[in-house]
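Peer 1: the sequence isn't on hand, but the structure is:
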């Protein structure tokens, strides 16, 4: 074989290798592009040989195994991903024995929208927490304790989740007879309780029994004690406000009567005492953020939720009634007249988890998201009221 023939053969092999490498790059690039389109929610139409844009809905539920209905049509079970053309949908999550979860959702192209539907029982179950009566419950500022009285004394009930081995049972902190008081007021850290009568003021330790004989009248120091408590509260609020943008911090300090952070500190609930406006785009928009209607112009007397991560502001209540965070940090408890409502943090999906006789507005979060605490006699006119644990999950 001549050297010329050898060179031609070598050149031919090199060309084939270059072509094969080039073709490989093209195939990998095309396949990668198609895979990226599918990952972003696009779907291939074999009839037109084209891709059309979609968004992805990730639907979960607790408990799982619930049915997903979109615009009234069954589309599968929860804990699944659905590719949907970008537009508005009416989504329902249904499971036997549970209230239906529902919400309007806007699906956006190339974005993943995630929802987790907390499903509550249609028929809650009750267990007594107190047996000898409970009157005039007062909840602490951090919602960790409730004080109440009965014929046996003054009691403290822990309503937050305690470590294993520490039961959530009422603890007596003052033996009978309890002085006829005008008010009970917790300290900001819930460790002390101010009991005020017409002629005296006592500060009780909420973690131990306070002997009647050892009670000291601190009426002369009442204003000083309250001032110290207010300073303690302001220190706590100052630390919490570092979590929100400066613009929001100013509004919370100057235009609200009260504000409370969610248990995970990603949201803040507040009631407006003055009108104000949140500027738009205080933080960069996150993909897949909430598409629910928000209100950035706040009005006096209305209660709002500000989502710190997504820079969203939702009006959730205009009744003037108190709202409480549930431990999930994604749900709110609204004790209403004759019923108890649980709603999503954006004010949607309002569900009546209890309807009947109870002493409004005494319904509170209890231990975890599966239970509430209500004051009721269960409809018996002859029975005294007690605190009951109500299982809603």
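Peer 2: That came through fine. These numbers come from a predicted model, not from an experiment.
Peer 1: for the closest residue to residue 336 other than its chain neighbours, helix, strand, or coil?
Peer 2: Of all residues not flanking residue 336 in the chain, residue 321 sits nearest, at 6.4 Å (C-beta to C-beta, 6 or more residues apart in numbering). Backbone N, C-alpha and C define where each C-beta goes, glycine included. Three-state assignment for residue 321 (DSSP: H, G, I helix; E, B strand; the rest coil): coil.
Peer 1: so how many other residues sit close to residue 321?
Peer 2: Residue 321: 14 surrounding residues under other C-beta atoms under 10 Å.
Peer 1: OK, contacts around it?
Peer 2: Residues near residue 321 by C-beta atoms under 8 Å, 6 or more residues apart in numbering: 334-336, 361.
Peer 1: cool, residue 280 as well?
Peer 2: Contacts for residue 280 (C-beta under 8 Å, 6+ apart) come out as residue 296.
Peer 1: and the nearest residue to residue 209 once chain neighbours are set aside, helix, strand or coil?
Peer 2: In this structure, residue 209 finds its nearest non-sequential neighbour in residue 173, 5.9 Å apart by C-beta to C-beta, 6+ apart. Secondary structure, three-state DSSP: residue 173 is strand.
Peer 1: pretty sure residue 173 is touching residue 211, no?
Peer 2: No. Contact criterion C-beta atoms under 8 Å: residue 173 and residue 211 do not qualify, at 10.4 Å.
Peer 1: the two: which has the busier surroundings?
Peer 2: Using other C-beta under 10 Å as the criterion, residue 173 and residue 211 rank with residue 173 on top: 18 against 9.
Peer 1: where's the residue nearest to residue 363 when sequence neighbours are not counted, which helix or strand?
Peer 2: Spatial nearest neighbour of residue 363, chain neighbours left out: residue 335 (3.9 Å); criterion: C-beta to C-beta, 6+ apart. Per DSSP states H and E, residue 335 falls inside strand 331-336.
Peer 1: other residues contacting that strand?
Peer 2: Here strand 331-336 makes contact (C-beta under 8 Å, 6+ apart) with 118, 269, 305, 316-317, 319, 321-326, 340-345, 350, 360-365, 369, 372.
Peer 1: who does the helix or strand just after it pair with, and is each partner parallel or antiparallel?
Peer 2: The first helix or strand that comes after strand 331-336 along the chain, using DSSP H and E, is strand 339-344. Sheet pairing of strand 339-344 (DSSP bridges) gives strand 331-336 (antiparallel), strand 351-355 (antiparallel).
Peer 1: right, and these - which one's nearest residue 127?
Peer 2: Relative to residue 127, the nearest member of the strands paired with strand 339-344 by C-beta to C-beta is strand 351-355, separated by 14.0 Å.
Peer 1: helices of the protein, start to end?
Peer 2: Here the chain has its helices, by DSSP state H, at 3-39, 222-241, 246-254.
Peer 1: which stretch in the ones you listed is the model least sure about?
Peer 2: Ranked on mean pLDDT, the bottom entry among the helices of the chain is helix 3-39, at a mean of 59.
Peer 1: residues near residue 307, how many?
Peer 2: When neighbours are defined as other C-beta under 10 Å, residue 307 has 19 of them.
Peer 1: that one contacts residue 347, correct?
Peer 2: No. Residue 307 is beyond contact range of residue 347, at 11.8 Å (criterion: C-beta under 8 Å).
Peer 1: common neighbours of those two, please.
Peer 2: With C-beta under 8 Å, 6+ apart as the test, residue 307 and residue 347 both reach residue 314.
Peer 1: what are the buried residues along stretch 58-68?
Peer 2: 59, 61, 66-68 (16 or more other C-beta atoms under 10 Å).
Peer 1: now those in TSV, with pLDDT?
Peer 2: Output for these, formatted as TSV (pLDDT from 0 to 100):
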residue	pLDDT
59	94
61	95
66	96
67	97
68	97
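Peer 1: what's the most distant pair in those?
Peer 2: Taking C-beta to C-beta as the measure, the buried residues of stretch 58-68 span a maximum distance of 10.2 Å, between 59 and 67.
Peer 1: who touches both of those two?
Peer 2: Common contacts of residue 59 and residue 67 (C-beta under 8 Å, 6+ apart): 78, 93.
Peer 1: check the offset of stretch 272-280 from the chain's centre.
Peer 2: Put simply, stretch 272-280 sits 22 Å off its chain's centre (C-alpha atoms, centre = their mean, to the nearest Å).
Peer 1: between the two ends of that stretch, what distance do you get?
Peer 2: Distance between the two ends of stretch 272-280: 18 Å, counting by C-alpha to C-alpha, to the nearest Å.
Peer 1: got it, and stretch 354-365?
Peer 2: The stretch stretch 354-365 measures 13 Å between its terminal residues, going by C-alpha to C-alpha.
Peer 1: next one: stretch 58-68
Peer 2: Rule used - C-alpha to C-alpha; the end-to-end distance of stretch 58-68 is 11 Å.
Peer 1: stretch 190-208: end-to-end distance?
Peer 2: One end of stretch 190-208 to the other measures 13 Å (C-alpha to C-alpha).
Peer 1: distance from it to the middle of the chain?
Peer 2: Stretch 190-208 sits 32 Å away from the centroid of its parent chain (C-alpha atoms, centre = their mean).
Peer 1: what mean pLDDT does that stretch get?
Peer 2: The average of the pLDDT scores along stretch 190-208 is 95.
Peer 1: and that stretch, which residues are buried?
Peer 2: Buried residues in stretch 190-208 (16+ other C-beta under 10 Å): 190, 192-196, 201-204, 206.
Peer 1: what do you get for stretch 357-373?
Peer 2: Result for stretch 357-373 [16+ other C-beta under 10 Å]: buried residues 358-360, 362-367, 369-373.
Peer 1: how about stretch 305-317?
Peer 2: Of all the residues in stretch 305-317, those buried under the rule 16+ other C-beta under 10 Å are 305-308, 310-317.
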